[in-house]
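Asks: The sequence and its predicted three-dimensional model are supplied below.
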Amino acid sequence: MVPDTNTGKKLEVPVKRILQGTEIEQVADRGSIDDPSALQRFAGYRAERARKGRVAEARR
């Protein structure tokens, strides 16, 4: 499930950027997210795929 902001907007673009390797702090303000830990789950998923060698290098 894609997390929402406090105003109800979906965070699809930040999730995409996290999956591409961008740090959470660079894609969204944690104070504006309903459940900030939701983004951490996507970062963990990306890290797991990276350990298995299934993702490209992180974008900066």
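Replies: Right, received. Where do you want to start? Numbering: from 1, shown residues only.

Asks: what's next to the longest helix seen in the chain, contact-wise?
Replies: Ranked by number of residues, the top helix in the chain under DSSP state H is helix 37-51. Outside of helix 37-51, the residues that reach it under the criterion C-beta atoms under 8 Å, 6 or more residues apart in numbering are 1, 3, 11, 14-15, 18-19, 21, 24, 27-28, 30, 33, 55. Yep, even glycine has a C-beta here, placed from its N, CA and C like the rest.

Asks: Would you report which members of the residues you listed are assigned to helices?
Replies: Of the positions in the contacts of helix 37-51, 14-15, 18-19, 24, 27 sit in helices, assigned by DSSP H.

Asks: Among those residues, give me the pair with the biggest separation.
Replies: Checking the ones in helices among the contacts of helix 37-51 against each other with C-beta to C-beta, the farthest-apart pair comes out as Leu19 and Ile24, at 11.4 Å.

Asks: For stretch 2-21, what is the spacing between the initial and final residues?
Replies: Across stretch 2-21, the terminal residues are separated by 17 Å (C-alpha to C-alpha, to the nearest Å).

Asks: for the record, mean pLDDT for it?
Replies: Within the predicted structure, the mean pLDDT of stretch 2-21 is 94.

Asks: just stretch 36-56 next, same as before
Replies: Averaged across stretch 36-56, pLDDT comes to 88.

Asks: Go through it and flag the buried ones.
Replies: By neighbour count, and taking 16 or more other C-beta atoms under 10 Å as the criterion, the buried residues in stretch 36-56 are 39, 42-43, 46.

Asks: likewise stretch 24-38?
Replies: Of the residues in stretch 24-38, those buried under the neighbour-count criterion (16+ other C-beta under 10 Å) are 24, 27-28, 33.
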